[in-house]
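Chemist: Model the structure of this input:
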Amino acid sequence: MTETPREEIRPLTRSLGFCCLGVMGYPMAGHLAAAGHRVCVYNRTTSRAEAWLAEYQADLPDASRCRIAATPAEAAQAAEVVFVCSGKDEDLRSVVLGPDGVLSGMQVGATLVDHTTASPTLAREIAALAREADVAFLDAPVSGGQAGAEKGALSIMLGGEPAAYAAVESLLDCYARKQLLMGPVGCGQLTKAVNQICIAGVLQGLSEGLRFAECAGLEVERVVEVISQGAAQSWQMDNRAGTMLARKFDFGFAVDWMRKDLAIALSEAEGTGAPLPLTELVDRFYARLQRQGGGRLDTSSLIELLR
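Modeler: A predicted model of the protein is given here:
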């Protein structure tokens, strides 16, 4: 007996808001639109939002039309879920808590997802104010860089209530390779601090190893080829060793942003009593790069201090 084919099940189209279309937010919002959701975007520089709309709306059906909002509050008004991906605490506070901020426009029962790498303290503050407005909140910093955002292969670490996470999990799948609820609000940001601590240490070790190979007169590309297949392998080695050897640093995650993130980690460590001697050292190295005018260079530029 032949079974009757089941009707194709289409994902539920949802109304979403997305604020801040930087190098990460731009493609992340694009993945949501490409999945068929209605996305209302806000960006401080309107031309950036217009470019996003031109790029991502063209191939969408009428039922999934996207649009631009004049304020964060407007982007949030009709949204079931609002995403924010700003740069630092001050920016996040303005976009979410300002007079025309996201919270002032969100509807009761909606969910706010913050992808900014910010302080756990601010995450908890926003969560408390969101609770007063009957809005769920998740701190959800990401890792994977611009390339991960563009490929939809980010790692997302979240803090918040399980029910809030369940409400957005399928949306996060649009641009995540891995996502995990780490605990209450603030735990996402604390986990991101762990991520940045590990990256800083690996980059310093990689810088020293490559410079040692150069000074020893080895064929450094061949060194990387062989050690990258053993225990020394890392994402940084796979993706940055070649550019470090070529002295190319005008891309990727900037020193200024890493120092912002490490400041969060060091502040939290002071409060918990966790020793971070290597992180403190690498942070001082990054400070030297900033003083030399390298604040916008990729974080792998650490090797330049050894040359």
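Chemist: Show me where this structure has its strands.
Modeler: Ranges of strands within the chain are 15-19, 38-42, 67-68, 81-84, 111-114, 136-139, 142-143, 154-159, 176-183, based on DSSP state E.
Chemist: how about those strands in JSON lines, adding mean neighbour count?
Modeler: Where C-beta positions appear, they are placed from N, C-alpha and C, glycine not excepted. Below are these laid out as JSON lines (neighbours: other Cβ atoms under 10 Å):
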{"stretch": "strand 15-19", "mean neighbour count": "27"}
{"stretch": "strand 38-42", "mean neighbour count": "25"}
{"stretch": "strand 67-68", "mean neighbour count": "16"}
{"stretch": "strand 81-84", "mean neighbour count": "26"}
{"stretch": "strand 111-114", "mean neighbour count": "28"}
{"stretch": "strand 136-139", "mean neighbour count": "26"}
{"stretch": "strand 142-143", "mean neighbour count": "22"}
{"stretch": "strand 154-159", "mean neighbour count": "24"}
{"stretch": "strand 176-183", "mean neighbour count": "16"}
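Chemist: Would you check that Thr116 makes contact with Ser86?
Modeler: Yes: the pair Thr116 / Ser86 is scored as a contact, 4.8 Å apart, by Cβ atoms under 8 Å.
Chemist: picking up where we left off before, of the strands of the chain, which is nearest Tyr165?
Modeler: Minimum separation from Tyr165 across those (Cβ to Cβ) falls at strand 176-183, 4.7 Å.
Chemist: The closest one pairs with which strands?
Modeler: Looking at strand 176-183 with DSSP bridges, its partner strands are strand 154-159 (parallel).
Chemist: now the partner strand: how far from the chain's centre is it?
Modeler: Distance of strand 154-159 from the chain centroid (Cα atoms, centre = their mean, to the nearest Å) equals 8 Å.
Chemist: could you list every residue that touches Cys85?
Modeler: Listed by Cβ atoms under 8 Å, 6 or more residues apart in numbering, the contact set of Cys85 reads Phe18, Cys19, Cys20, Gly22, Met24, Gly25, Met28, Asp114, His115, Thr116, Val142.
Chemist: And Thr116 and Ser86? Which one has more around it.
Modeler: Between Thr116 and Ser86, counted using other Cβ atoms under 10 Å, the more crowded position is Thr116 (27 against 24).
Chemist: Quick one: distance of stretch 169-180 to the chain centre.
Modeler: Put simply, stretch 169-180 sits 12 Å off its chain's centre (Cα atoms, centre = their mean).
Chemist: Just the CA trace of it, in CSV.
Modeler: C-alpha atoms of stretch 169-180 as CSV (Å, rounded to 0.1, in the frame of the first residue of the first chain):
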residue,chain,number,x,y,z
GLU,A,169,16.1,28.4,19.8
SER,A,170,14.9,27.7,16.3
LEU,A,171,15.6,31.3,15.3
LEU,A,172,19.2,31.1,16.6
ASP,A,173,19.6,28.0,14.5
CYS,A,174,19.5,30.4,11.5
TYR,A,175,23.0,31.5,12.2
ALA,A,176,24.4,29.2,14.9
ARG,A,177,26.5,26.1,14.6
LYS,A,178,26.3,25.6,18.3
GLN,A,179,24.2,27.2,21.0
LEU,A,180,23.8,26.3,24.7
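Chemist: which residues touch Ala300?
Modeler: Quick fix: residue 300 is Ser, not Ala. Applying Cβ under 8 Å, 6+ apart to Ser300 gives the contacts Leu203, Leu206, Ser207, Gln236, Arg240, Thr243, Met244, Phe249, Gly252.
Chemist: ok, back up a step: could the strands of the chain go into JSON lines alongside mean pLDDT and distance to Ala130?
Modeler: Formatted as JSON lines, those follow (pLDDT from 0 to 100; distance: least, Cβ to Cβ, whole Å):
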{"stretch": "strand 15-19", "mean pLDDT": "97", "distance to Ala130": "14"}
{"stretch": "strand 38-42", "mean pLDDT": "97", "distance to Ala130": "18"}
{"stretch": "strand 67-68", "mean pLDDT": "95", "distance to Ala130": "24"}
{"stretch": "strand 81-84", "mean pLDDT": "98", "distance to Ala130": "10"}
{"stretch": "strand 111-114", "mean pLDDT": "98", "distance to Ala130": "6"}
{"stretch": "strand 136-139", "mean pLDDT": "98", "distance to Ala130": "4"}
{"stretch": "strand 142-143", "mean pLDDT": "98", "distance to Ala130": "20"}
{"stretch": "strand 154-159", "mean pLDDT": "98", "distance to Ala130": "13"}
{"stretch": "strand 176-183", "mean pLDDT": "98", "distance to Ala130": "17"}
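Chemist: which one of the ones you listed lies closest to Gln196?
Modeler: The closest of the strands of the chain to Gln196 is strand 142-143. By Cβ to Cβ, the value is 8.5 Å.
Chemist: List buried residues within the contacts of Ser300.
Modeler: Buried subset of those (neighbour count, 16 or more other Cβ atoms under 10 Å): Leu203, Leu206, Ser207, Gln236, Arg240, Thr243, Met244, Phe249, Gly252.
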